[in-house]
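*Asks:* give me coordinates for this.
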Amino acid sequence: MRRILIIGIGAGHPDYLTVQAIDAMRRADLFFMPDKGAEKAGLNAIRLQMLERFVPEGGYRLVDFVIPARRPAATPEYKESVGEWRDKLEAAYRRLFAEDLQDGETGAFLVWGDPAIYDGTLRIIDDMRTAGRELEVEVIPGISAVQALAARHQITLNRVGEPITITTGRRVGEGEADGLSSAVVMLDNHQVFRRFDGEAEIFWGAYLGTQDEILIAGKVTDVAAEIVRIRAEAQAKHGWIMDTYMIRKPEKD
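*Replies:* Below is the predicted model:
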């Protein structure tokens, strides 16, 4: 039986690692390291720093694998393009487990943030098990960018009697959040927060938990242009960007 650990490593700061995550890292025989191209090499650099700090004795192997590119798609084709991408990634996982993970060994994925929030690793592994692949799986939760954002801006995720909505930039662009009093938005490559005006506030953060962290807050009408400019400059400088924000409208009487 091959064992797979899906370890949430938090939003970037090494101190976000839980004791449970550190213990799991020390049990792994090898770590699967995703290659997303030169522009996101910084993510693996942080993973390696965490391994050096929390598993200083070594004794593990590193196995690189290429993350396939996803076909750009308009909204009606979005789920189809994601399905194709997951099929390619599942094929890559099958090769990894067959060629690099020996029977009785434990392999680990170091997942950014929390494995349950907008990350496909757990779903792909679950599909493999449903299809008959014998894998023993353990999931370790992590501190997500959502939690880190709230902590860094010193805000709560919900107000009294209100739900918490976590959604994507694509869905916000389709108008999903227009009727909500607040929403946390992830995966927004087009800065769709500019659709909000009036008294709506934004609490924005990029590279949360890292030495390059950027925080901006204020009324959308006052800070939107600044966020767009700083975001573009940061992406050009680092070659990649991961950002999250909350939109919050005034409470109704």
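
*Asks:* verify the stated contact: Val172 with Val192.
*Replies:* Yes: between Val172 and Val192 there is a contact under Cβ atoms under 8 Å: 4.9 Å. From N, CA and C alone the C-beta is placed, and that goes for glycine too.

*Asks:* who has more neighbours out of the two?
*Replies:* Between Val172 and Val192, counted using other Cβ atoms under 10 Å, Val172 has the larger neighbour count: 23 against 19.

*Asks:* please, where are all the helices along the chain?
*Replies:* 19-27, 41-54, 78-99, 121-130, 145-153, 169-173, 220-238 (DSSP state H).

*Asks:* out of those helices, deepest packed?
*Replies:* Sort the helices of the chain by mean neighbour count, taking mean count of other Cβ atoms under 10 Å, and helix 145-153 sits at the top with a mean of 20.

*Asks:* before we move on, the earlier item: now do the shared contacts for Val172 and Val192.
*Replies:* Overlap of the contact sets of Val172 and Val192 (by Cβ atoms under 8 Å, 6 or more residues apart in numbering) consists of Val185.

*Asks:* about what we covered before: mean pLDDT and distance to Met246 for the helices of the chain - can I get that in CSV?
*Replies:* Below are the helices of the chain laid out as CSV (pLDDT from 0 to 100; distance: least, Cβ to Cβ, whole Å):
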stretch, mean pLDDT, distance to Met246
helix 19-27, 97, 25
helix 41-54, 89, 23
helix 78-99, 85, 24
helix 121-130, 89, 25
helix 145-153, 97, 7
helix 169-173, 93, 12
helix 220-238, 95, 11
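
*Asks:* and those helices: which comes nearest Gly205?
*Replies:* Nearest to Gly205 among the helices of the chain is helix 145-153 (4.8 Å), distances taken as Cβ to Cβ.
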